[in-house]
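> only geometry, no sequence info:
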C-alpha cells in the first residue's frame, strides 16, 4: 500500500499538469451531469456516460504507471479503446450504487428492527467500492480478456490482499475527503486522477523500469 502511494505521488509530480488537465475534463463532465440532474432528475441516466471518460482517464494512469510517460493524446486513445467496456463499468457502478442507496433508505426508514439491514447494505457498498479499485485498472489493462474473467481476477486479488486493499481504499477516501473539504478546485483537478494512479500501481503487476 505504501509503495503504491509513494509511486503514485512521484508519477503525479512528474506529470502533474497533464493529469490536472485530464482530471479537470472528467470532473467538468461529471459536474455538468450533476447540474443537469438538479434541473431534471431524468438526466441522472447520463451518469453512465461517465464510464467511458473514466476508462480513458484510467487508461492514462495505467500508461503512466507502467511507463512513467504520458501524453494528452493517450486520453483519446483510451477513449477509443475502452469506451464499450467503460459503458459496461459505468452502468454496473451506477446500478449497484443506485440500488444500494435505495435499499439503505428503505431499511433505515422501517424502524429499529430493520435498521441493521441498512447497515449491512452500507458495508456491502463499501466492499463494492474496494472491489472497484481492483476492477477498473484490470478492465483497462486486460482489455482483450472477457469481462467475466476480469471480474474474477479482480475478486481474486481482493480476496488474496484484503487488508492492504481496504487500507489503500481508506487512504484514498481520505485524500478525496480532504480535497473536497479544502475547496472545489482541488477536488476537480487533483484527487480523482491520483486515486486512479494509486489503484493502478497497487493492482497491476510491477513493470521493470530502466535505471
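Nice, thanks for sending it over. Remember, predicted model here, so these are calculated numbers, not experimental data.
> What ranges does this protein have for its strands?
Taking DSSP state E as the criterion, the chain carries no strands.
> buried ones in the longest helix seen in it?
Among the segments of the chain that qualify as a helix by DSSP state H, the longest is helix 73-108. Judged by neighbour count using 16 or more other CB atoms under 10 Å, the buried positions of helix 73-108 are 74-75, 78-79, 81-82, 85-90, 92-94, 96, 100, 103-104, 107. No exception for glycine: its C-beta is placed from N, CA and C like everyone else's.
> now swap in stretch 151-163 and tell me
Going by 16+ other CB under 10 Å, stretch 151-163 has these buried residues: 151, 153-154, 157-158, 161.
> got any ranges where the protein has weak pLDDT?
Applying pLDDT under 70 to the chain flags the ranges 180-189, 207-211.
> Quick one: the helices in it, in order.
Going by DSSP H, the chain shows helices at 2-14, 16-39, 50-67, 73-108, 115-141, 147-160, 162-182, 184-186, 192-203.
> so the first one versus helix 162-182, what angle?
Pointing back at helix 2-14 there. 40 degrees (axes from the mean of the first three to the mean of the last three CA atoms, to 10 degrees).
> Check which helices and strands helix 2-14 is in contact with.
Applying 3 or more CB pairs under 8 Å, 6 or more residues apart in numbering; DSSP states H and E, one finds that helix 2-14 contacts helix 50-67, helix 162-182, helix 192-203.
> Identify, out of these, the most deeply packed stretch.
Across the helices and strands packed on helix 2-14, averaging neighbours per residue (mean count of other CB atoms under 10 Å) puts helix 192-203 on top, at a mean of 26.
> what about the residue nearest to residue 151 when sequence neighbours are not counted, distance to residue 106?
Excluding its sequence neighbours, the residue lying closest to residue 151 (CB to CB, 6 or more residues apart in numbering) is residue 135, at 6.5 Å. Relative to residue 106, residue 135 is positioned 26 Å away (CB to CB, to the nearest Å).
> next one: stretch 121-128 to chain centre, how far?
Between the centre of stretch 121-128 and the centre of its chain there are 15 Å (CA atoms, centre = their mean, to the nearest Å).
> Pretty sure the residue nearest to residue 151 sits against residue 89.
Yes - at 7.2 Å, residue 135 and residue 89 qualify as touching, with contact defined as CB atoms under 8 Å.
> re the thing from before, how many neighbours does the residue nearest to residue 151 have?
Neighbour count of residue 135, defined by other CB atoms under 10 Å: 24.
> Contact partners for it?
Residues near residue 135 by CB atoms under 8 Å, 6 or more residues apart in numbering: 89, 150-151, 154.
> How much space separates it from residue 42?
28 Å.
> got it, and residue 86?
22 Å.
> and if you look at residue 121?
For residue 121 relative to residue 42 (CB to CB), the value is 25 Å.
> ok, those two, which is more surrounded?
A side-by-side neighbour count of residue 121 and residue 42, using other CB under 10 Å, places residue 121 first with 20 against 9.
> ok, the more buried one - contacts?
Per CB under 8 Å, 6+ apart, neighbours of residue 121: 100, 103-104, 107.
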